[in-house]
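> sequence and predicted model, in that order:
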Amino acid sequence: MSRAAWCLLLLGLAAPASSAALQVLIAQGLGGEKTYDEQFATQTAALRTAANALTAPANVQVLSGAQATRENIEAALRRLATAPADDRLVLYLVGHGSFDGDEYKFNIPGPDLTGRTLAALLNALPMRDQLVVAGGSSSGALQDLLKSDTRIVITGTRSGTESNITRFADEFAVALGEADADIDKNGSVSAQEAFDFAQRRVKDFYQRDVRLATEHAVLRGQRAPRFTLARLPGAAGEAVMADEPLQSPERSRILAALDALRLRKDQLPPTEYDAQLETLLLQLATLDLGAAPGARP
Amino acid sequence: MNRTSANSASAHTARRLLGAALLLMGTLAMRIEARGLSYGAVTDAGLQRCDAMQAAGRRPAAQECWRALLNIADPVLQAEVSWALDDFRAANQLFQAATRARPNDAMLRVRWGELFIDTHQDSEAIKLFNEAIKLDAANAWARVNAASVLIGQYSKEAREYLDAVLKGKSPPGALLRAQLLAARVALEDGSDLDAAEQLLKQAMALATANNLPRQEVHALLAALAQIRNGNSAASIAAALQENPRYGELYLTLGHFQDIRRRYDEATALYRKALEVQPELWDAHVQLGTGLMRDNRFTEARTHFESAFKGDPYNPVTINTLRLLDSVARFDTLVWPEAAAGNAANATAPQIIVRVDKRESAVLAPYVRRLTEQAMAGYSQRYRFQLRQPVVIEIYNNHEDFAVRTAGMPGLGLLGVTFGHVLAMDSPSSRAVNDFHWGSTLWHELAHVYTLESTDHRVPRWFSEGISVYEEWRSGPIKGVSIPMFVYGALAAGKALPIADLDRGFIRPEYEQQVHVSYMQAGLTCDYIAQRWGFGKLADMLAQFRRGGTTAEAVQAALNISADTFDRQFGEWLRDRFGAVFAGLKPLTDARAAAAKAAADKQWSAAVPAAQQALRILPDDVEEGSPYVPLAMAQQALGQDDAARQTLLDYWQRGGYEPQALGTLAQLLYKAGRKDDAVAVMQSINYVAPFDYAQHGTTGDWLLELNRPGEALTEFQVALALNPPDQVMAHYRLARAHYALKSNAEARRELLHALEIAPSYRPAQQLLLELAGSPPKT
């Protein structure tokens, strides 16, 4: 058996060993007109596809159309109260928001979901790792309401007063299936990568059309680079979630050594840094690709 | 001009024509910032005595005299004296107080307005002159001052104000000023020098009869002699005899050299002005401007700094000092890089480029390639080797470029040539696809040759004509591309006689005439080259170098009169464009129908409409070109081969819309025509060079074609654009270096890539290959 095949087998065996599950709730609000309904449905479809590739279908809940009532959203979140604390939660709010200077409201059929209600529901959950993505208008009003040490909050605007329809939400959904978003080429898209991609595309749009930007997305939360949101189709078999132990001990050792080396970059002469970096990269390449015997270590 | 403020036709014209750029013209009004001669507007005898000392060049005595008047408790007198002593704030406050006390005194407002002119606040000045006219409808002083401001603003109203003074019962001093102003305008216009002379004779007689200063009359007579290539010595001597410190004499002479683009001569005259009158701040400004046109920024700055100390109100000074701060942060690139004395490069033309540091790595390879190509071609075709390096300034802030060109923001040009120095907008200074910067550069470089080879004697129309002709025939986008409204103007018989074509540029009589004149000039050169051979264009340049007029150059080079030329050119135009002239209405309708059908995705309707338009005018590649909706429709209908051919026609005729060309490149690539695909992609760099993805793809295709050197350039540019995907950018560079057998560089780039993405398989694979241990497959 080649080393590469051994490696893949190990990854395949390792995957189920993770006990932490990813729980995903997608709530799609009212569009108000056909164009926006279609736009939101497209976003939801992309988010659902990405979620289904990462976790069991039972862990992905989608509420849209008449189902996306405040009652149903609250119920869906309450159901998660029984999930283990090491599970991770992703909540996507797809659609328009509004802000009256005091209260953020997510526009859904029937009574709207307020930011304060949402904060209370999320705070009541046992999961430590939570990610909320609200890319729509006025979503910036959620930033302060949802602020928490373990929660990542991504909003399409920086405040409630940015109330125009956003491009960010569309681009964020696109990012989850876009190889260009995968900056570190590990075959998956992290929350940070998706945010960066969407932000970049939004900036390009406004610059290209020489328009004044009416939206400024915000990401808060330390763990966004390690919170995986999508696995790209056809990605090479390696760690799907960078924070989960899905690789061989040898590979983990090399990656850890690389991390340590990069931290010491400023302390080493460039030639020495490069030499050590090359050594480790060759080891990793040899491990990943199975170099011929006699490969330089 | 920008896309929001202009109709689409003229906006698009700007993309090529103003991309084609104007030669710099001088401003009509010169500003003399110190308190000038009053010509009798001031009636106080004591003040007149002091002013006379100033007018005779005895400034210290005049200053002493003025200071003595400060003790007299007359606010108007004190205002005049404060002004004369350069205390503008005090003068302003005193005039303000005096006006409150004497609200019906028209002359008070006139003088206060003149103070505003001196401090460069024209709109305030005009208000006061108009208030004065309301108080005293016959006030000639107010009118002549208003005219002086309005002339500087190119306002047609100026003439009315001026005529009222010239034809009315005006005080001799006001009439003299009006005559001098009218003479100055006539001299700047240049079309009727006899009229200017007549006005100056009248002015001389009037000044003599009324014992008024004659130094300005002498200065303008000297300018007239200079324009006629006559002897100005007597007038110069007479002016200096009246006032030995009359620096404005040389400032005036310099100005008239400037507007004829004789920049070296102008600069020498500004230096003389400062020798005679060192505190003549406007001479510092003009000299600084002239030095910048000659790439002498360090010396220029000292003059602008001097000007600022003496006249802090001049916006040109302030703007230019800010511009110089910006330029100080530019990169200066010099090609060839070899040190002086390298024999191999001793005869190579030298190129100096000033460009913002953030853009230099992106633009440099394309600017260099295009400039070297243009210089090689122009040197050969026009039989002229440049005597100085070409200096190319590229401004990423359009307002900086505007200040560089005219001292003030708000200019609608894209490029300007001063001689061996040219300045232009960077493609980043405007919206993406707003103009074809490669053509602008090509056009400006042609000006360098036509100006330098004739010692700046080439008439405006011929220099523009050659530049447009070269854009069409040898530029980065070839093809005779003419905006629709120009066809309309030509069909309506608006072509000017060749001997009078400069008028279309300098004194346009209808909107868009400048653009029409550009095209007529280009077509004229095209016609000459086609009928008599290209060499005749070079022969005409030689005629202009000898100082010949257009009519003389035509006669000497083509052996026909200008009138005969006009008749035959008109026939040629009708032969060539008769179908277009006759079909303008159906052409416009078919264009619009094609565009609308494509916008509505009515593809089967778009095809015949676009084809009908193209049958009438196959060269229609301007904005709204039918080629684009036609190709879109063909693609939508599954006819990729037809779409490819349509876009290929569009490109080959000079179309440059980047998105359309990107589609063309992809279609060519899919069809296996990789060389053509690459050529199309490379051409996009001259419109939209800031797209890293485009450079990446072009580089990839070049690698496939085993052209790693060119690929490396594209990848280096892509990296300079700081793409989000740094891994891919470094990996691509590694591939190019590897193909060039530069293994050390390849390794360095791979380490960059893998440092970010350690598991990136293609980079890992190449690293192993470089290490001599290719992966098992």
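Good, I have the coordinates.

> tell me which element the closest residue to chain A within the stretch 551-700 of chain B falls in.
Nearest residue of the stretch 551-700 of chain B to chain A: B:Ala693, at 8.6 Å (C-beta to the nearest C-beta). Glycine gets a C-beta too; all of them are placed from N, C-alpha and C. Here B:Ala693 sits within helix B:692-704, counting by DSSP states H and E.

> residues near the closest residue to B:Leu94 other than its chain neighbours, how many?
Nearest residue to B:Leu94, sequence neighbours excluded (C-beta to C-beta, 6 or more residues apart in numbering or on different chains): B:Ala79, at 3.6 Å. Other residues near B:Ala79 number 25, with proximity taken as other C-beta atoms under 10 Å in any protein chain shown.

> how about the residues of the stretch 601-750 of chain B near chain A?
B:Pro724, B:Asp725, B:Gln726, B:Val727, B:Arg747, B:Arg748, B:Leu750 (C-beta under 8 Å from any C-beta of the partner chain).

> any stretches of the stretch 151-297 of chain A with poor pLDDT?
The stretch 151-297 of chain A contains residues with pLDDT under 70 at A:234-247, A:291-297.

> which residues in the stretch 101-250 of chain A form helices?
A:115-123, A:142-145, A:168-175, A:191-208, A:249-263 (DSSP state H, counting those that start in this stretch).

> pLDDT below threshold where in chain B?
Across chain B, residues meeting the criterion (pLDDT under 70) sit at B:1-34, B:338-349, B:410, B:773-777.

> looking at it, which helix is longest?
helix B:357-381 (DSSP state H).

> what comes up buried for that helix?
B:358-371, B:374-375, B:377-378, B:381 (16 or more other C-beta atoms under 10 Å in any protein chain shown).

> mind listing the strands for the stretch 151-297 of chain A?
With DSSP state E, counting those that start in this stretch as the criterion, the stretch 151-297 of chain A has strands at A:151-155, A:188-190, A:218-220, A:228-231.

> JSON lines for the ones you listed, including distance to chain B and mean neighbour count?
Converted to JSON lines, the strands of the stretch 151-297 of chain A look like this (distance: least, C-beta to the nearest C-beta, whole Å; neighbours: other C-beta atoms under 10 Å in any protein chain shown):
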{"stretch": "strand A:151-155", "distance to chain B": "17", "mean neighbour count": "26"}
{"stretch": "strand A:188-190", "distance to chain B": "11", "mean neighbour count": "26"}
{"stretch": "strand A:218-220", "distance to chain B": "15", "mean neighbour count": "17"}
{"stretch": "strand A:228-231", "distance to chain B": "14", "mean neighbour count": "25"}
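
> looking at the ones you listed, which is nearest to B:Ala52?
The closest of the strands of the stretch 151-297 of chain A to B:Ala52 is strand A:218-220. By C-beta to C-beta, the value is 72.0 Å.

> what does the closest one contact?
A:Gly140, A:Gln143, A:Lys147, A:Ile152, A:Val153, A:Ile154, A:Thr155, A:Thr157, A:Arg158, A:Ala191, A:Gln192, A:Phe195 (C-beta atoms under 8 Å, 6 or more residues apart in numbering or on different chains).

> just stretch B:154-164 next, same as before
In contact with stretch B:154-164 (C-beta under 8 Å, 6+ apart) are residues B:Leu28, B:Ala140, B:Arg143, B:Val144, B:Ala146, B:Ala147, B:Leu150, B:Ile151, B:Ala178, B:Leu181, B:Ala182.

> so which of these are in helices?
B:Ala140, B:Arg143, B:Val144, B:Ala146, B:Ala147, B:Leu150, B:Ile151, B:Ala178, B:Leu181, B:Ala182.

> and the helices of the stretch 101-250 of chain A as CSV, adding distance to chain B and mean neighbour count?
CSV is the format used below for the helices of the stretch 101-250 of chain A (distance: least, C-beta to the nearest C-beta, whole Å; neighbours: other C-beta under 10 Å):
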stretch, distance to chain B, mean neighbour count
helix A:115-123, 31, 18
helix A:142-145, 24, 20
helix A:168-175, 11, 26
helix A:191-208, 5, 20
helix A:249-263, 6, 14
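
> burial count for B:Ala551?
What B:Ala551 shows, counting by other C-beta under 10 Å, is a neighbour count of 16.

> again, but for A:Pro225
By other C-beta under 10 Å, the residues close to A:Pro225 number 17.

> residues in contact with it?
Per C-beta under 8 Å, 6+ apart, neighbours of A:Pro225: A:Ser190, A:Ala191, A:Gln192, A:Glu193, A:Ala242.

> reformat these as CSV; add distance to B:Asp86.
Below are the contacts of A:Pro225 laid out as CSV (distance: C-beta to C-beta, whole Å):
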residue, distance to B:Asp86
A:Ser190, 66
A:Ala191, 65
A:Gln192, 62
A:Glu193, 64
A:Ala242, 71
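
> can you tell me how far B:Leu750 is from A:Leu122?
44 Å (C-beta to C-beta, to the nearest Å).

> so what's the residue most central in space within chain A up against?
Closest to where the C-alpha atoms of chain A average out (C-alpha atoms, centre = their mean) is A:Ala191, at 2.8 Å. Residues counted as contacts of A:Ala191 (C-beta under 8 Å, 6+ apart) are A:Leu131, A:Val133, A:Ile152, A:Ile154, A:Leu219, A:Gly221, A:Ala224, A:Pro225, A:Phe227, A:Thr228, A:Leu229.

> doesn't B:Ile117 make contact with B:Glu124?
No: between B:Glu124 and B:Ile117 there is no contact under C-beta atoms under 8 Å: 9.1 Å.

> out of the two, which sits in the busier spot?
Higher neighbour count among B:Glu124 and B:Ile117: B:Ile117, with 23 against 16, using other C-beta under 10 Å.

> could you look up the SS state of that one?
When classified by DSSP: H, G, I helix; E, B strand; the rest coil, B:Ile117 comes out as helix.

> nearest residue to it in space, please, no chain neighbours.
B:Ala125 (4.7 Å).

> quick one, what contacts the one you found?
B:Ala125 neighbours (C-beta under 8 Å, 6+ apart): B:Gly113, B:Glu114, B:Phe116, B:Ile117, B:Asn145, B:Val149.

> out of these, which is nearest to chain A?
B:Val149 (34.3 Å).

> next, the buried residues of stretch B:630-639.
By neighbour count on 16+ other C-beta under 10 Å, the buried set for stretch B:630-639 is B:Leu630, B:Ala631, B:Met632, B:Ala633, B:Gln634, B:Gln635, B:Ala636, B:Gln639.

> oops, could you answer that again for stretch A:55-70 instead?
Of the residues in stretch A:55-70, those buried (16+ other C-beta under 10 Å) are A:Thr55, A:Asn59, A:Val60, A:Gln61, A:Val62, A:Leu63, A:Ser64, A:Ala68, A:Thr69, A:Arg70.

> quick one: average pLDDT of it?
Stretch A:55-70 carries an average pLDDT of 95.

> how long is it end to end?
Terminal residues of stretch A:55-70 lie 25 Å apart, using C-alpha to C-alpha, to the nearest Å.

> show me the contact partners of that stretch.
A:21-30, A:40-41, A:44, A:48, A:51-52, A:72-73, A:76, A:94, A:108-113, A:117.

> strands - which of those residues land there?
Of the contacts of stretch A:55-70, the ones assigned to strands by DSSP state E are A:Leu22, A:Gln23, A:Val24, A:Leu25, A:Ile26, A:Ala27, A:Gln28, A:Val94, A:Leu113.

> what is the neighbour count of the residue of the stretch 51-200 of chain A found nearest chain B?
Closest to chain B within the stretch 51-200 of chain A is A:Lys185: 3.8 Å, counting by C-beta to the nearest C-beta. For A:Lys185, the neighbour count with other C-beta under 10 Å is 24.

> ranges for the strands of the stretch 351-500 of chain B?
Using DSSP E, counting those that start in this stretch, strands in the stretch 351-500 of chain B cover B:351-356, B:390-395, B:415-417, B:421-425.
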